[in-house]
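In: any chance you can model this:
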Amino acid sequence: MADINPAEIGAILFDMDGTLVDSDRAVERSWLSWAGEYGADGPAAYEMAHGSPSETTVRKLLRDADEEEIRRASARQLELQYDDLSDVEATPGAHDLLALLAAEGLPWAVVTSADGRLAKARLDAAGITPPVLVTTDDVTAGKPDPAGYRRAAELLGVAPESCLVVEDAEVGLEAARQAGAHTAALRGLDGDLRLTELAELTAWLRENPGTRP
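Out: The predicted structure is shown next:
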């Protein structure tokens, strides 16, 4: 673990998909189906979409489309995700980590590249109810823009510099860094803390109790 003073952490801000919620299979199915409808490369679309708002990826894939076509294509992509919840669940260790945060009184929030409808559906499927939820409906720009993480910190009443952001996508880590937050990175990515699973963060917090700001 990196040299972060746990006492400096006043809140934890989580990405949703791939971090607190295992929705990988649903996300992949939606992009493969969408790509089939729009003549795009499905696997490439899925890889490109990780961590980013759907509209951002649609714009990259449909470069010659006008604004109305982008709007319709983005809406269709989200439609394919809204009700595909059969195998959406909490990631391993998520509930244990959130229980520890509740016991310690450490504020937390979810900041996601999903819209409000999709975020609430997936979090509900995973049995997770965040005290603060920031979606693409709440900001003018999605990740890698830092607006979402700054907004979550504001709603929690904690300075971004006192927040630890937990992410599994580089665009999310970039957003966290631009916000001035500490970072904890999953999936082999580079952050102030490098995690292979959420249980490692739970253990780190338990081993480093202290007064939070």
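
In: can you count the residues close to residue 38?
Out: 17 (other Cβ atoms under 10 Å). To be clear about C-beta, it is placed using only N, CA and C from the backbone, and glycine gets the same treatment.

In: residue 137 now?
Out: 11.

In: ok, now which ones touch it?
Out: Contacts for residue 137 (Cβ atoms under 8 Å, 6 or more residues apart in numbering) come out as 115-116.

In: also residue 155?
Out: Residue 155 touches 109, 132, 134, counting by Cβ under 8 Å, 6+ apart.

In: so what's the backbone phi/psi at the spatially closest residue to residue 109 that is not a sequence neighbour?
Out: Closest residue to residue 109 apart from its sequence neighbours, by Cβ to Cβ, 6 or more residues apart in numbering: residue 132 at 3.7 Å. The phi and psi values for residue 132, taken as degrees, to the nearest 10, are phi -140, psi 130.

In: would you reformat the contacts of residue 155 as a markdown table and include pLDDT and neighbour count?
Out: As requested, those are exported to a markdown table (pLDDT from 0 to 100; neighbours: other Cβ atoms under 10 Å):
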| residue | pLDDT | neighbour count |
| --- | --- | --- |
| 109 | 98 | 23 |
| 132 | 98 | 17 |
| 134 | 98 | 24 |
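
In: of the residues you listed, which is the nearest to residue 198?
Out: residue 109 (15.7 Å; Cβ to Cβ).

In: by contact count, what packs against the helix or strand that closest one falls within?
Out: Per DSSP states H and E: residue 109 is located in strand 108-111. Where contact means 3 or more Cβ pairs under 8 Å, 6 or more residues apart in numbering; DSSP states H and E, strand 108-111 is packed against strand 11-14, strand 133-134, helix 147-156.

In: and the ones you listed, which is most packed in?
Out: Among these, strand 11-14 has the highest mean neighbour count (mean count of other Cβ atoms under 10 Å), at a mean of 27.

In: of the contacts of residue 155, just say which sits nearest to residue 207.
Out: Distances from residue 207 to those, taken by Cβ to Cβ, are shortest for residue 109, at 23.6 Å.

In: the closest one and residue 150 touch, don't they?
Out: No. If you go by Cβ atoms under 8 Å, residue 109 and residue 150 don't touch, sitting 11.4 Å apart.

In: chain center to the helix or strand of the chain with the lowest mean pLDDT: distance?
Out: Here the helix or strand of the chain ranked lowest by mean pLDDT, DSSP states H and E is helix 42-49, holding a mean of 87. Relative to its chain's centre, helix 42-49 lies at 17 Å (Cα atoms, centre = their mean, to the nearest Å).

In: list the buried residues of that helix.
Out: By 16 or more other Cβ atoms under 10 Å, the buried positions in helix 42-49 come out as 42, 45-46, 48-49.

In: mind listing residues that contact the helix or strand where residue 72 lies?
Out: According to DSSP H and E, residue 72 maps onto helix 67-82. Applying Cβ under 8 Å, 6+ apart, the set of residues contacting helix 67-82 from outside is 26-27, 29-31, 33-34, 37-38, 54-55, 57-59, 62, 65, 114-115, 117-118, 121.
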